[in-house]
Structures are given as C-alpha cells and as structure tokens.
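After the sequence you'll find the predicted model.
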Amino acid sequence: MKISFPHMGTSPIAFKMLVRDLGHEVVVPPRPSTRTLSLGTEYAPEFACLPLKILLGTYLEVLEQGADTIVTTGGVGPCRAGLYAELQKKILEDLGYEFKMVVLEPPRWGYLDFLRKLRFLKGDRSWSELWRVIKKAWSKVKALDDTEKALHWVRPRELEQGSSTRTYQRALKLLDDACTEEEIKQARLEALRMMKSVPMDPDREVLKVGIVGEIYVVLEPASNLDLERMLGEMGVEVNRSIFLTGWTRDNAVLDSARVKHGVTVKKAAAPYMPEMIGGHGQDSVGHTILYAQDGFDGVVQLAPFTCIPEIVARSLMPQVSRDYDIPVLTFFLDEQTGEAGVRTRLEAFVDLLWRRRRKRAGAGLYKPVASPAAR
C-alpha cells in the first residue's frame, strides 16, 4: 500500500517512520500551502471549516502523488469533524479518485473497530511487532513535542531574531533521521541541547500567553499563519494547551485530562460549560481558567470559522476573562485570513499585556511565575 495521512504540526515525522516500519510505502503529505487551501476550498462546501478544506486539499495532493490509502482520525460528540472523513471521501470519489480511507476513531469509543483497522494496517506483521512499532513512533512524537516546548521557551529570549527557529529546523532534521529507539533517545537529548545552546538572555522579562482552541488550527502552523512564531518574536513565551502526546493520552485513550490546582480541565470549565459540546470548546474554557490561575498574562483562542464548539466557548470568554482577570484574544480563521491582519491584532494585544503587567506591578499585584523550562 502507498499510505498517506494529514499534515498536522510535526506529526508527519513520526507517522512516516511508523508507516515504513509496517512495510508500506509512505507518501509524505506536503506542508499545507496556498495551493493546498485553494484546492480544498474549490471542492469543499462553502461553510465547511478550515481544517476540512486544508485536509481535503492535502488529500488531493497526495492522491496526485500516487497514494492509494489515506489514514486519518474521526471524532466523537456533536462536532462536524466526526463526519468530515466520510464527506471528504465522497468528494474525492466524485472527482474520480480510487483509494481506501481508514478512519481511526478514538479506541476508548470502540476498541473492536480500532483493532480491526489496526489489523488491516499491520498486514502480515504480528501484534507484538505492531506494538513495538507504535511504541517507537510514540517515543518520537514525545521527542518532537519536548523539542517544540523548548523552542517556545527559547524563542522570546533569543539574542538574534530567527536563530531559535533555524536551530529548531536542524533539530527536527536530527529527529527525522533517527530510526531506532536508541537513536531517537540520543536525538532527543541532542535536540534539547541544541535548543539550549541558542544565544539568549535567560533573565529577559517576557510575557506568558496560553494558546487554546481547536486542535488542528492550534497544532498546524500553516493554518494559523505561524502565530506562535510571531508571538515568540514579539517577546512572548507561548504555552500551548494541546500537544499530540497529551491530547492522545488524555482524550483518545484514557479520558484522563490533566489535573492542575486540584481539578481537571473539564471540571475547571464546568461552571461555564458543564457538558462536552464536541470539539475542544470545553477544553478552551477550562484551559483559560487554569492559565489565569497559573498567573499567565493572557490567552489566545484559535478557532476555525463556523466551528460551533469554539463559537460557544468564545461567547463565554468575556465572562471568564472578567471573573479570572485575564485578557483573551480570539481569532476565527478561514481562507480569507491574512498575516498582516493577524500580526496587527497580535501587536496590539501584546502592547495591552505589557501595559497591564506594568500597571499591576506598580500596584504590587504582579507575581512572576517561573517557566517550566526554568523550574
């Protein structure tokens, strides 16, 4: 089989290794581009959200490259994302493409279906070999996440703008080349060493901003115009509420959302949103509250235009912002969103946060919180 999959953040680096280890040919999805979005927008329903359009464009590109199987994920709850794979499959078939789409639903919602699809993907390999392959891929995903977290700490403190980003790209290449468990372990250590070696001022005063929202537009820089890089270069240390490892562990497998300040994310959100409404709306509210309790300066919410869960969360943010005294900036993203507009709004938000911090410091209300990398 010639297998491809969605492009979401750094995950293709790990997924292509997993596919190759299972003995399949991999068609690596390209980083979403203007062409990707144009293709998806041309064939998707007009009011479909941005992830559907980008992924549809990605699937068209990989099918053009010869992929015959697309592996993607499903969804649960009252969110349209759970229907997107079937809709994309129908659109692509109507365009004349012949392929197989394997939709992996969260295993805790149907282990038998999940195992049946794994059996198809593993082919002639044993279950124990499949477990070894998955375990190795998981270690690479964790190494990628750890390296990106280090980037978030270093970038606002770098002495030469762009140096941390360039080093990060070299670190990703190192992790990409690692093939065995031992190589991945050593590559992770070297990647973290490389990030720490970037010339920086560790004592520089920086803002701390949490990123919440729908998983695809949070994890994929091409969908949010590299907003994390913009913030970092403005002197902001970002803390993303979603990483692939944490989301998989806490939602897809265990339903054990992380505990902070004695409560889970969902429990923190409960006074405002007591029910799971699909997508990541409840998590966006809960994480915003936890960021406020952690002393963060502000929160940025990223949402695809027409995303109902995030629209509901956005309607609650003004009250959460008042109750917890934390500024929140929301971006609804679609194919019309431009970098200049995003940058202008971010610059104004960052300016507001600096003025707010200085005012609070003058009143004796600001207490610096150590960054995770510095603790």
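Thanks, I have the structure now.

for residue 103, helix, strand, or coil?
Assigned with DSSP: H, G, I helix; E, B strand; the rest coil, residue 103 falls in the strand class.

for it, which residues make a bridge with it?
Taking DSSP bridges as the rule, residue 103 bridges to residue 72.

For it, list the residues it contacts.
With CB atoms under 8 Å, 6 or more residues apart in numbering as the criterion, the residues that contact residue 103 are 72-74, 85-86, 117. C-beta here means a position set from N, CA and C on the backbone, and glycine is covered the same way.

Most neighbours among those, which one?
The most crowded member of the contacts of residue 103, judged by other CB atoms under 10 Å, is residue 85 (22 neighbours).

hang on, the earlier thing: where is pLDDT lowest across the contacts of residue 103?
pLDDT is lowest at residue 74 among these; the value there is 81.

Chain neighbours aside, what residue packs nearest to that one?
residue 105 (4.2 Å; CB to CB, 6 or more residues apart in numbering).

My guess is that neighbour contacts residue 114. True?
Yes - in terms of CB atoms under 8 Å, residue 105 counts as a neighbour of residue 114; the distance is 6.5 Å.

mind checking the SS state of residue 160?
Judged by three-state DSSP, the three-state class of residue 160 is coil.

What pLDDT is listed against it?
According to the prediction, residue 160 has pLDDT 98.

Quick one: low-confidence residue ranges for the stretch 1-150 of the chain.
When residues are selected by pLDDT under 70, those of the stretch 1-150 of the chain lie in 76-77.

Likewise for the stretch 251-375 of the chain?
Along the stretch 251-375 of the chain, segments meeting pLDDT under 70 span 251-261, 366-375.

Going along the chain, name the strands of it.
Taking DSSP state E, counting those that start in this stretch as the test, the strands found in the stretch 251-375 of the chain are 259-260, 263-264, 298-304, 328-333.

among those strands, which is nearest residue 121?
With respect to residue 121, and counting by CB to CB, the nearest of the strands of the stretch 251-375 of the chain is strand 298-304 at 28.4 Å.

Could you export the strands of the stretch 251-375 of the chain as a markdown table, including mean neighbour count?
Putting the strands of the stretch 251-375 of the chain into a markdown table (neighbours: other CB atoms under 10 Å) gives the following:
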| stretch | mean neighbour count |
| --- | --- |
| strand 259-260 | 14 |
| strand 263-264 | 16 |
| strand 298-304 | 26 |
| strand 328-333 | 20 |
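
Which among those is found nearest to residue 175?
Nearest to residue 175 among the strands of the stretch 251-375 of the chain is strand 298-304; the distance by CB to CB comes to 25.0 Å.

Can you name every helix or strand that that closest one contacts?
On a contact count with 3 or more CB pairs under 8 Å, 6 or more residues apart in numbering; DSSP states H and E, strand 298-304 meets strand 207-213, helix 215-219, helix 227-233, helix 281-293, helix 308-324, strand 328-333, helix 339-362.

C-terminal to the third one, what's the next element?
Going down the chain from helix 227-233, the next helix or strand is strand 236-240, by DSSP states H and E.

Compile the helices and strands packed on strand 298-304 into CSV and extend it with columns for distance to residue 139.
Output for the helices and strands packed on strand 298-304, formatted as CSV (distance: least, CB to CB, whole Å):
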stretch, distance to residue 139
strand 207-213, 25
helix 215-219, 19
helix 227-233, 24
helix 281-293, 25
helix 308-324, 31
strand 328-333, 32
helix 339-362, 34
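
Ok, which of those comes nearest residue 31?
Nearest to residue 31, of all the helices and strands packed on strand 298-304, is helix 215-219, at 12.7 Å by CB to CB.

Could you name the helices and strands sitting against that closest one?
Here helix 215-219 touches helix 50-64, strand 298-304, going by 3+ CB pairs under 8 Å, 6+ apart.

for this structure, which helix is longest?
Using DSSP state H, we find that the single longest helix of the chain is helix 127-154.

between the contacts of residue 103, which is closest to residue 32?
Taking CB to CB as the measure, residue 32 sits nearest to residue 72 out of the contacts of residue 103, at 14.7 Å.

Return the distance of the closest one relative to residue 5.
6 Å (CB to CB, to the nearest Å).

Pick out the residue nearest the middle of the chain.
Against the mean C-alpha coordinate of the chain, by CA atoms, centre = their mean, the closest residue is residue 219 at 2.0 Å.

Looks like that residue contacts residue 8 (just checking).
Yes - under the criterion of CB under 8 Å, residue 219 makes contact with residue 8 at 5.1 Å.

Which residues are in contact with each of those two?
Common neighbours of residue 219 and residue 8 are listed as residue 244 (criterion: CB under 8 Å, 6+ apart).

May I have the residues that are in contact with residue 52?
Residue 52 makes contacts with 40, 44, 80-81, 84, 87-88, as judged by CB under 8 Å, 6+ apart.

give me the number of residues near residue 79?
21.

okay, and the common contacts of residue 105 and residue 114?
Overlap between the contact sets of residue 105 and residue 114, as judged by CB under 8 Å, 6+ apart, is nil.

before we move on, back to that, show me the one of the helices and strands packed on strand 298-304 that comes nearest residue 189.
Evaluated with CB to CB, the helices and strands packed on strand 298-304 place helix 227-233 nearest to residue 189, the distance being 23.1 Å.
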